[in-house]
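J.: could you work out the structure for the sequence below:
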Amino acid sequence: MKRTYLGILMMAAFSAATAVAQGASSSPATPPVTGQTIEQRKDNQQERIGNGVENGSLTAGEAARLETREKNLNTEERAMRAADNGKLTAADKAKLTRQQNRLSNSIYRDKHNGINQPPVNSEVNARDRLQQERIGQGIKTGSLTAGEAANLEHKEANLNREQRAMRAANGGTLSPGEKAVVNHQQNAMSRQIYNKKHNGRKQK
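T.: From the prediction side, this is the model:
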């Protein structure tokens, strides 16, 4: 009697295991991530960053960090393709997708954290915002690569810090001499933006 009961239990366990296996094999597989989807995702991320730079919801420092991460992802993707005759393996695509997911979350957080570019209340701030709009447009159109945008935004962030230090040392205002220095720096930045947007390099 005990042997019969044990046999029934074993048969039931085997049947349950078989059903689970069959259910797993019949469940739909996760759709593969194609190379085109990854390229579209990169373009989308750049457009979101560009919009944030243009409308002021991303500061120069935030944009610089995001673009540095995008540049590093692009470098990693090129290395993956070089190692596999220009293609991406399924594992490569999955890894890049995870990384772009994390970058997407960072873009959202930085654009909605309440830290914005300074309001336009002076000639200097108006010039800053104009430079940012030009960089943002370059990011969106692809005329600035992620590396170029990161380089420009790092410089813009440094200029902003220098301006804040000048104002802090002078009761919140800029002296005529300081305005001349800032204007000279922004002229140099303007030329760099133009040169990088017209050097023939494109975001890929």
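J.: which secondary element of this structure has the worst mean pLDDT?
T.: helix 2-26 (a mean of 46; mean pLDDT, DSSP states H and E).
J.: need the next SSE after that helix, C-terminal direction.
T.: helix 35-55 (DSSP states H and E).
J.: and the following helix or strand past that next one, what does it pack against?
T.: Counting by DSSP H and E, the next helix or strand C-terminal to helix 35-55 is helix 60-82. Judged by 3 or more CB pairs under 8 Å, 6 or more residues apart in numbering; DSSP states H and E, helix 60-82 is in contact with helix 35-55, helix 90-111, helix 123-141, helix 146-168. Glycine gets a C-beta too; all of them are placed from N, C-alpha and C.
J.: out of those, the one nearest Lys202 is which?
T.: helix 123-141 (9.0 Å; CB to CB).
J.: which parts of that closest one are buried?
T.: In terms of neighbour count (16 or more other CB atoms under 10 Å), helix 123-141 has its buried residues at 124, 127-129, 131-132, 134-140.
J.: ok, these vs Arg78, which is closest?
T.: Ile139 (19.2 Å).
J.: show me what contacts the closest residue to the closest one other than its chain neighbours?
T.: Distances taken as CB to CB, 6 or more residues apart in numbering put Gly50 closest to Ile139, at 3.6 Å, once the chain neighbours are dropped. Applying CB atoms under 8 Å, 6 or more residues apart in numbering to Gly50 gives the contacts Gly136, Gln137, Gly138, Ile139, Lys140, Thr141.
J.: ok, 10 Å please
T.: 58, 63, 67, 133, 135-142, 144, 149 (CB atoms under 10 Å, 6 or more residues apart in numbering).
J.: distance check, it against Ala126.
T.: 20 Å (CB to CB, to the nearest Å).
J.: with Thr75 instead?
T.: 36 Å.
J.: and what of Asn44?
T.: According to CB to CB, Asn44 stands 30 Å off from Ala126.
J.: pLDDT weak spots in the protein?
T.: 1-36 (pLDDT under 70).
J.: how about the helices and strands packed on helix 60-82 in TSV, adding distance to Pro176?
T.: As requested, these are exported to TSV (distance: least, CB to CB, whole Å):
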stretch	distance to Pro176
helix 35-55	30
helix 90-111	35
helix 123-141	12
helix 146-168	12
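J.: Gln186: which of these is closest?
T.: helix 123-141 (5.1 Å).
J.: gap between the closest one and the chain center?
T.: 18 Å (CA atoms, centre = their mean, to the nearest Å).
J.: same thing with stretch 98-105?
T.: 8 Å.
J.: give the buried residues for that stretch.
T.: Applying 16+ other CB under 10 Å to stretch 98-105 flags Gln99, Gln100, Leu103 as buried.
J.: what's near enough to touch the second one?
T.: Listed by CB under 10 Å, 6+ apart, the contact set of Gln100 reads Val33, Ile38, Arg41, Lys42, Asn44, Gln45, Arg69, Glu70, Leu73.
J.: swap in the first one?
T.: Applying CB under 10 Å, 6+ apart to Gln99 gives the contacts Arg69, Glu70, Asn72, Leu73, Glu76, Glu77.
J.: make it 6 Å
T.: Leu73 (CB atoms under 6 Å, 6 or more residues apart in numbering).
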